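S.K.: Structural data only, the sequence is not supplied:
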């Protein structure tokens with residue numbers, strides 16, 4: 001169920017939902033969403049990513065913190081679409097924590113990192129999402145992501 005959301009969402013539409021911009025926008029496309037429940041999107045990992053210049057030049061590996069950030073960004077898309085709020089209206093989600101974080105597989109250039117986020121709970125303005133990052137059928141990372149909704 002998408003409640004009149006035309007899928008997939010492309011970069012221009014994603015940029016309306018997230019305040020991030022290149023090189024820190026880590027979602028290339030949103031492929032599925034069920035408002036208030038779950039979202040799926042992906043990041044195509046290319047050798048042209050700036051962080052590969054230093055992490056690591058001879059053996060490029062996507063930094064784990066950026067995988068966490070990508071999971072937080074896809075969670076933010078779910079939150080913004082569910083609430084109807086937008087950064088342009090002065091709303092923002094700030095990444096405030098990650099619990100049960102696990103990294104299981106390296107993410108390297110050429111991988112398509114598929115991101116899944118499921119809404120778990122909300123208390124006051126803190127929202128919790130259960131997230132997974134997959135490469136094909138392999139789990140690359142998982143975490144429970146916490147974001148704080150703020151008015152800026």
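M.R.: Received the coordinates, thanks. On a predicted model such as this, the values are computed, not experimentally measured, just so you know.
S.K.: Give me the mean pLDDT for the helix or strand where residue 140 lies.
M.R.: For residue 140, the host element (DSSP states H and E) is strand 138-151. Strand 138-151 carries an average pLDDT of 97.
S.K.: In its sheet, which strands sit next to that strand, and in what direction?
M.R.: Using DSSP bridges, strand 138-151 pairs in its sheet with strand 91-103 (antiparallel), strand 126-135 (antiparallel).
S.K.: which residues of this structure fall in helices?
M.R.: 11-17, 64-83 (DSSP state H).
S.K.: hey, which of those is tucked in deepest?
M.R.: helix 64-83 (a mean of 22; mean count of other CB atoms under 10 Å). In this view, the C-beta of every residue, glycine as well, is placed from N, C-alpha and C.
S.K.: Can you tell me which helices and strands that helix packs against?
M.R.: helix 11-17, strand 29-34, strand 38-44, strand 91-103, strand 112-123, strand 126-135, strand 138-151 (3 or more CB pairs under 8 Å, 6 or more residues apart in numbering; DSSP states H and E).
S.K.: Just want the angle from the last one to strand 112-123.
M.R.: What that stands for is strand 138-151. Interaxial angle of strand 138-151 relative to strand 112-123 (axes from the mean of the first three to the mean of the last three CA atoms, to 10 degrees): 40 degrees.
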